[in-house]
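K.L.:
Provide a 3D model corresponding to the input given below.
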Amino acid sequence: MLKLTKKETAYFQLLQKVARTEEQINSLLTVMAQRGQKRRAEETEEQRNKGLSHMAQRGLERKTEKTEEQRNSRLSDMARRIQERRAKEIRRTKEWSIGKTRRVT
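P.N.:
Here you go, the predicted structure:
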C-alpha cells in the first residue's frame, strides 16, 4: 500500500474538499437555473412587461442622476468634436481651392 507524507495527505484532502465544493456550487447553480425557468414559465406577459417597464424607468433615473460635471463634460466633448469637424472642413475647402487654382494656371 502507498504511504503518503503529511503534506501529500493534506494536499489530497484539500483537493477532495475543493472537488466537493465545486460539485456543491454546480448543484446550487443548477437549482437556481431551474427555479428561474419555472418562475419565467409561470410569469404572465403582463408581469414581464411590468418588469421591463421598471427596468426602463430605473435606466432613465440613472441618466437623470448624472452630475452637472458629467453633463458639462459631455457638452464640452460635443463642442470639441464640432470644432474638429469644422477645422477639417475648412482644411478640405482650402485644399480643394488650392488644387483648383493650380489646375487653372
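K.L.:
Could you count how many residues lie near I98?
P.N.:
Counted with other C-beta atoms under 10 Å, residues neighbouring I98 total 10. Every C-beta, even on glycine, is put in place using the N, C-alpha and C of the backbone.
K.L.:
measure it to R92 for me?
P.N.:
The spacing between I98 and R92, counted by C-beta to C-beta, to the nearest Å, is 11 Å.
K.L.:
now swap in L2 and tell me
P.N.:
If you go by C-beta to C-beta, the gap between L2 and R92 works out to 80 Å.
K.L.:
Neighbour count: these two, which is higher?
P.N.:
A count of neighbours by other C-beta under 10 Å puts R92 above the other of L2 and R92, at 10 against 4.
K.L.:
so that one is in which element?
P.N.:
helix 68-104 (DSSP states H and E).
K.L.:
For that helix, name the packing helices and strands.
P.N.:
Judged by 3 or more C-beta pairs under 8 Å, 6 or more residues apart in numbering; DSSP states H and E, helix 68-104 is in contact with no other helix or strand.
K.L.:
Just give me how far that helix sits from the chain centre.
P.N.:
Offset of helix 68-104 from its chain centre (C-alpha atoms, centre = their mean, to the nearest Å): 32 Å.
K.L.:
So which bits of it are buried?
P.N.:
Buried positions in helix 68-104, judged by neighbour count with 16 or more other C-beta atoms under 10 Å: none.
K.L.:
Quick one: mean pLDDT over that helix.
P.N.:
Per-residue pLDDT over helix 68-104 has a mean of 83.
K.L.:
K66: how many residues sit nearby?
P.N.:
K66: 11 neighbours (other C-beta under 10 Å).
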